[in-house]
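>>> here's my sequence, what's the structure:
(one chain, ligands or ions: 1)
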Amino acid sequence: ISSALGNMLRDEWIGRIGLTFLIHRSFSLVLVGIHVLYFFWAFKYTLRRSHVNLWSQILMILILFEIATGVAMAYFGIPAFLQPIHLLFGTLIIGVQVLLLLEIRENIQFRLNTN
Ligand code: HEM
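Coordinates of the predicted model:
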């Protein structure tokens, strides 16, 4: 779309994407739902100052920033500076999720070995 419009008329890009964009936008609500459930689980079962607790909070903040930058792009004609920021938050989210998976797995193995 960007090339077809000569990298101009940014306000029109989203309207031309169609269903793909609606799926992208709406699926973020599913992601928020899953992460809110996870967050309450982590808050309930981990110590307040533990790594898992801290990184879970960071993960929630990253998801909120991801959605905020996405919404800002959608409403303000995809400002160029927000494109790499949206991608950066997306990659950081995956990084923190992997970190949490490793940390939680290690905690579970530690508990199994000590019991
Ligand atoms: C947790 C939620 C989200 C994640 C993980 C996410 C992730 C991504 C990723 C990886 C891209 C790049 C796609 C590509 O280059 O092919 C992208 C692009 C985009 N996203 Fe999201 N997104 C999220 C939520 C949203 C929301 C809520 C909106 C708007 C309401 C939005 C609007 C956009 C727009 C307009 C683009 C195109 C910008 C560009 O290509 O540089 N995103 N998103």
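>>> return the per-residue confidence for F76.
Per-residue pLDDT puts F76 at 96.
>>> phi and psi next, for it.
Taking degrees, to the nearest 10, you get phi -120, psi 30 for the backbone angles of F76.
>>> for F81, phi and psi?
Dihedral angles (degrees, to the nearest 10) for F81: phi -70, psi -20.
>>> give me the number of residues near it?
Counted with other Cβ atoms under 10 Å, residues neighbouring F81 total 7. (C-beta placed from N, C-alpha, C; glycine too.)
>>> cool, and I63?
I63: 22 surrounding residues under other Cβ under 10 Å.
>>> could you do A42 as well?
21.
>>> which residues touch it?
52-53, 56 (Cβ atoms under 8 Å, 6 or more residues apart in numbering).
>>> go on, M60?
Listed by Cβ under 8 Å, 6+ apart, the contact set of M60 reads 35-36, 39.
>>> let's see that with 10 Å instead.
32, 35-36, 38-39, 42, 96 (Cβ atoms under 10 Å, 6 or more residues apart in numbering).
>>> before we move on, what about I61?
Contact analysis of I61 by Cβ under 10 Å, 6+ apart lists 89, 96.
>>> neighbour count and secondary structure added to the contacts of A42, as a markdown table?
Output for the contacts of A42, formatted as a markdown table (neighbours: other Cβ atoms under 10 Å; DSSP: H, G, I helix; E, B strand; the rest coil):
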| residue | neighbour count | secondary structure |
| --- | --- | --- |
| V52 | 18 | helix |
| N53 | 15 | helix |
| S56 | 23 | helix |
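>>> between those, which sits nearest F21?
S56 (29.3 Å; Cβ to Cβ).
>>> so the closest residue to the closest one other than its chain neighbours versus G90, what's the distance?
Of all residues not flanking S56 in the chain, A42 sits nearest, at 4.1 Å (Cβ to Cβ, 6 or more residues apart in numbering). Distance from A42 to G90, counting by Cβ to Cβ, to the nearest Å: 21 Å.
>>> kindly report the residues of the chain close to the ligand.
By Cβ under 6 Å from any ligand atom, the residues of the chain that approach the ligand are 14, 24-25, 28, 31, 63, 66-67, 70-71, 73-74, 78, 83, 86-87, 90.
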